[in-house]
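S.K.: Starting from these lines, generate the structure:
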Amino acid sequence: MRFIFRPPAEHAAGLLSLPWQEPLEEWQDDHLLEVAHRGISRHVVRFVEVDGHVYALKEIDERLARREYRLLGQLEAMGMPAVSVLGVCVERPPAGDVPQDAVLVTRFLDYSMSYRYVFSHGHAARPTVQLIDAMVELIVRLHLAGLFWGDCSLSNTLFRPDAGSIGAYLVDAETAELHPTLSDGQRSFDIDYAAERVGGELFDLQSGGLLPEDVDPVEIAAELPRRYAALWDELTREELLKPEEQRYRVAARVDRINELGFDVDEIELITTDAGVRLKVHTQVAETGRHRNRLYALTGLEVTENQARRLLNDLRSYRGYLEQKEGRAVPETVAGHRWRAEVYDRVMARIPEDLADRLEPAEVFHEILEHRWFLSEKAGRDVGTTAAAKSYIDAILPRTPSTLTLPGGDPLPR
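M.R.: Now for the predicted structure:
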């Protein structure tokens, strides 16, 4: 039996004591936990908590497990929105006379839940169109990177709140293929199959009485390819420009692509008798620009949208400090002071029994949003401290817990 893993090694070391020699379905171990907000799977999937970290274990054919292990590693290196792989256990001893499959180990994406769970539990207060748009953006990002998924569904897509928006993540890549580029036929097949799978799972939820009445499976299945086509066209279409409008139209097109969260890799201008043809080669935006900046200034590790929001508050606090103290405050100094005097003080107010409701940075983002609403109502700035107290007292307790250990105890973090 062999366990192949990706660094850091200490994460893998904590898993070595698990009963790998036994069939995954038969495991009886104190590290096992139930995750209610998972999707359905054709394979045996179990979750374990080791040293404060949660992992998903999937029993699968060894050839497919090795392939998915390599592919998820490639996606992580490319900065794609997918779960992070830790390792794979192969060459397991037979269970009696029956050969055993390998076990693929991925890191659980904190504060996430499957799309299937979100739709079956009232959208988590998210509009259906926002959920679908996040899934469409995920597929477009994967396609631009040359990934043919081949298995997009409600169960294989994870939902994660991200500074008032939604992040969608790939969670299953056993059928995926990575190519230099995808043909129109590959893209069309992938999105059409995704629509079929999503519609089928919605009908399944509807038949079980778990789907909200305002959700129409046929409408959503039809909307998925339409929204995909619109976004793909926005990012990749060619335009015919007049010479006199070339400069500002090119700038406007690049700005629009950047607003959608993508970067322009190359701009091609082709002169024709009818005018100048603009061809844009779009790529996924550079990974983590705002995340890296926030980490350098404060030491906080958060998602990209959360980092963008927190950086805005940090800049505002820096302006406040400069006005109050009558001197220039270096950005690095402002970052340390904002972390100690604002962020950490807010986080210290959260009761221990509510600490698992949302990711800390997401809580801080929501407090900033709450501060804006309270200030609008009061006609003055109520301040972060008052907004935090109001949010923690009235709103955070109504947010469902994202993950609990057996017995209902919150997962230590």
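
S.K.: How far does stretch 98-112 sit from its chain's centre?
M.R.: 18 Å (Cα atoms, centre = their mean, to the nearest Å).

S.K.: tell me which residues in that stretch are buried?
M.R.: Within stretch 98-112, the residues that count as buried by 16 or more other Cβ atoms under 10 Å are 100-106, 108-109, 111-112. C-beta coordinates here come from the backbone N, C-alpha and C atoms, glycine included.

S.K.: In those residues, find the pair that's most separated.
M.R.: The largest separation in the buried residues of stretch 98-112, counting by Cβ to Cβ, is between Q100 and Y111 at 32.8 Å.

S.K.: could you give me the average pLDDT of the host helix or strand of F189?
M.R.: Secondary structure from DSSP states H and E places F189 in helix 184-207. For helix 184-207, the mean pLDDT works out to 95.

S.K.: Who are the packing partners of the helix or strand following that helix?
M.R.: Sequence-wise, the next helix or strand downstream of helix 184-207 (DSSP H and E) is helix 217-236. Contacts defined by 3 or more Cβ pairs under 8 Å, 6 or more residues apart in numbering; DSSP states H and E place helix 217-236 against helix 128-144, helix 184-207, helix 246-259, strand 275-284.

S.K.: Please enumerate residues in contact with the second one?
M.R.: When you say that, I think you mean helix 184-207. Helix 184-207 is contacted by residues 40, 116, 119-120, 135, 139, 143, 148-155, 179, 182, 211, 215, 217-218, 220-222, 224-225, 228, 232 when judged by Cβ atoms under 8 Å, 6 or more residues apart in numbering.

S.K.: Just the buried ones from the residues you listed?
M.R.: So, by 16+ other Cβ under 10 Å, the buried ones in the contacts of helix 184-207 are 116, 119-120, 135, 139, 143, 148-149, 151-155, 182, 211, 215, 217, 220-221, 224, 228, 232.

S.K.: helices or strands next to the helix or strand where S375 lies in the packing?
M.R.: In this assignment (DSSP H and E), S375 forms part of helix 360-378. In terms of contacts (3+ Cβ pairs under 8 Å, 6+ apart), helix 360-378 is packed against helix 304-325, helix 344-348, helix 384-394.

S.K.: For those helices, give me CSV that also has distance to R66, mean neighbour count and mean pLDDT.
M.R.: Putting these into CSV (distance: least, Cβ to Cβ, whole Å; neighbours: other Cβ atoms under 10 Å; pLDDT from 0 to 100) gives the following:
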stretch, distance to R66, mean neighbour count, mean pLDDT
helix 304-325, 31, 17, 84
helix 344-348, 41, 14, 94
helix 384-394, 47, 17, 91
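
S.K.: list the contacts for the nearest residue to Y343 once chain neighbours are set aside?
M.R.: Once flanking residues are discounted, Y343 sits nearest to F364: 6.2 Å by Cβ to Cβ, 6 or more residues apart in numbering. For F364, the contact set (Cβ under 8 Å, 6+ apart) comprises 310, 343, 346-347.

S.K.: what's the answer for Y115, then?
M.R.: Y115 touches 39, 131, 135, 153-155, 157-159, 168, counting by Cβ under 8 Å, 6+ apart.

S.K.: Ok, A82 next?
M.R.: Here A82 is in contact with 72, 75-76, 169-171, 173 (Cβ under 8 Å, 6+ apart).

S.K.: could you measure A274 against I267, distance?
M.R.: Using Cβ to Cβ, to the nearest Å, one gets 19 Å for the distance from A274 to I267.

S.K.: try G39
M.R.: 40 Å.

S.K.: When the two are compared, which one has more neighbours?
M.R.: G39 (19 against 12; other Cβ atoms under 10 Å).

S.K.: if I've got this straight, the more buried one is in a strand?
M.R.: No: read with DSSP: H, G, I helix; E, B strand; the rest coil, G39 is coil and lies in no strand.

S.K.: Point out where the stretch 151-300 of the chain drops to low pLDDT.
M.R.: For the stretch 151-300 of the chain, the stretches flagged by pLDDT under 70 are 163-165, 243-248, 283-288.

S.K.: Please name the nearest non-neighbouring residue to H31.
M.R.: V48 (4.3 Å).

S.K.: Enumerate every residue touching that neighbour.
M.R.: So V48 contacts 15, 18, 29, 31-33, 54-55, 57 (Cβ under 8 Å, 6+ apart).
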